[in-house]
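> how would this look folded up:
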Amino acid sequence: MIRFKTRTKRAQDQAIMWLVKLESSTLTEADEHAFFQWLDASEVHQAAYVKAENLWQRGEALERITRNSEAPQSEWHMLWLGLTAACACLLVGVFYFLPGGGKFTEAAQYSTAVGEQHEHQLVDGSVLTLNTATRLQVDISAEQRIVTLEAGEAFFDIKHDPARPFDVVTAHGVTRVMGTRFSVRALDNDTVVTVLKGRVALGAKKMNRVFSTTQELQANEQLSLGAAQSGEKPASIDATNALAWRTRQLIFKGQPLHRVVAELNRYFPETLIVADPLLANKTITAVFQLNQFGATLTTLTASFGLTVEQVGDQYTLLEIP
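Alright, predicted model coming up:
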């Protein structure tokens with residue numbers, strides 16, 4: 001009995017330390033992996049983490065540090081500082097264990113600034129890659145997996161779970177999958193879905209939690225939610241090229257310059273402009289590395305015989321006379 005109490009107390013101390021580390025700005029993927037290994041190792045660990053969450057929510061985690069700790073004083077001093085800092089921050093993500101259910105749940109918000117890309121592994125094993133200027137919310141429970149894409153674009157590598165389909169919701173409808181790899185891009189007036197692997201179902205907004213399929217896509221197909229609801233067929237594309245942004249590249253084959261410029265403008269705070277309609281419709285085939293704006297601009301102008309006029313952060317492309 002004494003040994004069990006000691007083990008339980010040690011697990012509770014470890015759980016509080018993990019809680020702090022998970023809220024740290026220095027958290028790494030290796031840390032997350034180690035946390036889930038620790039959590040899965042014992043039901044005592046799982047129960048301790050639930051208790052730590054409750055202490056946190058009631059504001060009693062700091063008090064726990066000062067009472068009967070077997071950890072070195074210096075370690076708890078660092079923990080105290082970590083907890084104090086973490087308590088002062090807005091919690092945008094919460095992870096906790098559902099007793100008896102064997103599943104994790106997650107409620108979180110993720111975002112990127114212009115030009116940024118970030119990858120996040122969800123508690124169900126799925127991986128999200130956020131493209132430039134993207135904002136989304138994650139809601140995973142024992143019954144459902146939902147991502148609400150508010151702006152931008154994200155690539156989804158979904159872990160198969162027959163009991164819980166994965167829904168990506170935008171203002172224009174729903175994309176539903178069981179396990180596949182695809183991207184969803186929210187535009188001002190529509191949402192474009194591109195499938196790299198597997199199959200996805202497109203539908204209108206769910207009514208009374210019921211999803212109704214209007215169109216299905218398979219690998220190397222692309223379609224907008226609006227077009228799907230109008231009965232249009234998907235376009236056949238090279239999805240690897242279309243999703244090359246995941247490796248910091250943009251690939252264009254026979255695209256008009258105005259479309260190329262519109263895509264490049266998503267990744268930089270500077271703005272490219274094509275004022276001449278004839279030049280705007282000139283077709284471009286090129287691969288751009290999404291590095292610094294200056295290097296990208298040099299590639300564009302040198303490759304296609306263009307010059308540029310700069311006014312502040314605006315760069316107007318012109319043909320060399």
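
> Only C-alpha atoms from now on, for both contacts and neighbour counts.
Fine.

> and the helix or strand residue 147 falls within, which strands flank it?
Residue 147 is part of strand 145-157, with elements assigned from DSSP states H and E. Within its sheet, strand 145-157 is paired with strand 127-130 (antiparallel), strand 135-140 (antiparallel), strand 166-170 (parallel), strand 181-186 (antiparallel), according to DSSP bridges.

> so how far is that strand off the chain centroid?
Distance of strand 145-157 from the chain centroid (Cα atoms, centre = their mean, to the nearest Å) equals 6 Å.

> what's it in contact with?
Residues outside strand 145-157 that contact it (Cα atoms under 8 Å, 6 or more residues apart in numbering) are 126-140, 164-171, 179-187.

> picking that back up, with mean pLDDT and distance to residue 213 added, can I get the strands paired with strand 145-157 in TSV?
Shown next, in TSV, are these (pLDDT from 0 to 100; distance: least, Cα to Cα, whole Å):
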stretch	mean pLDDT	distance to residue 213
strand 127-130	96	23
strand 135-140	96	21
strand 166-170	95	12
strand 181-186	97	17
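
> Show me how the record splits this structure into domains.
2-91, 97-239, 248-319 (automatic domain parsing).

> quick one: average pLDDT of the first one?
Mean pLDDT, domain 2-91: 61.

> Ok, which of the strands paired with strand 145-157 comes nearest residue 291?
Closest approach to residue 291 among the strands paired with strand 145-157 is made by strand 127-130 (17.0 Å; Cα to Cα).

> just to revisit the earlier point, so which of the domains of the chain is the most packed in?
Neighbour counts (mean count of other Cα atoms under 10 Å) averaged over each of the domains of the chain peak at domain 97-239, with a mean of 18.

> Centre of the chain to that one, how far?
Per Cα atoms, centre = their mean, the displacement of domain 97-239 from the mean C-alpha position of its chain is 10 Å.

> Now tabulate the strands paired with strand 145-157 in a markdown table and tack on distance to residue 196.
Converted to a markdown table, the strands paired with strand 145-157 look like this (distance: least, Cα to Cα, whole Å):
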| stretch | distance to residue 196 |
| --- | --- |
| strand 127-130 | 14 |
| strand 135-140 | 21 |
| strand 166-170 | 16 |
| strand 181-186 | 5 |
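
> how about those strands, which one is nearest residue 317?
Closest among the strands paired with strand 145-157, using Cα to Cα: strand 181-186, at 27.0 Å.

> could you give the mean pLDDT of the helix or strand following that closest one?
Next helix or strand after strand 181-186 toward the C-terminus (DSSP H and E): strand 191-197. Strand 191-197 comes out with an average pLDDT of 97.

> between the strand holding residue 147 and strand 191-197, how many degrees?
60 degrees (axes from the mean of the first three to the mean of the last three Cα atoms, to 10 degrees).

> Could you tell me the average pLDDT over strand 145-157, please?
On average, strand 145-157 scores 97.

> CA atoms only for it, dumped as CSV, please.
Extracted in CSV, the C-alpha atoms of strand 145-157 (Å, rounded to 0.1, in the frame of the first residue of the first chain):
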residue,chain,number,x,y,z
ARG,A,145,-13.1,14.9,-35.4
ILE,A,146,-13.7,18.4,-36.8
VAL,A,147,-11.4,21.1,-38.2
THR,A,148,-13.0,24.4,-38.9
LEU,A,149,-10.8,26.2,-41.6
GLU,A,150,-11.5,29.9,-41.1
ALA,A,151,-8.9,31.3,-43.6
GLY,A,152,-6.1,30.1,-45.8
GLU,A,153,-5.1,26.6,-46.7
ALA,A,154,-4.1,23.4,-44.9
PHE,A,155,-2.9,19.9,-46.0
PHE,A,156,-4.4,17.0,-44.1
ASP,A,157,-2.8,13.6,-43.6
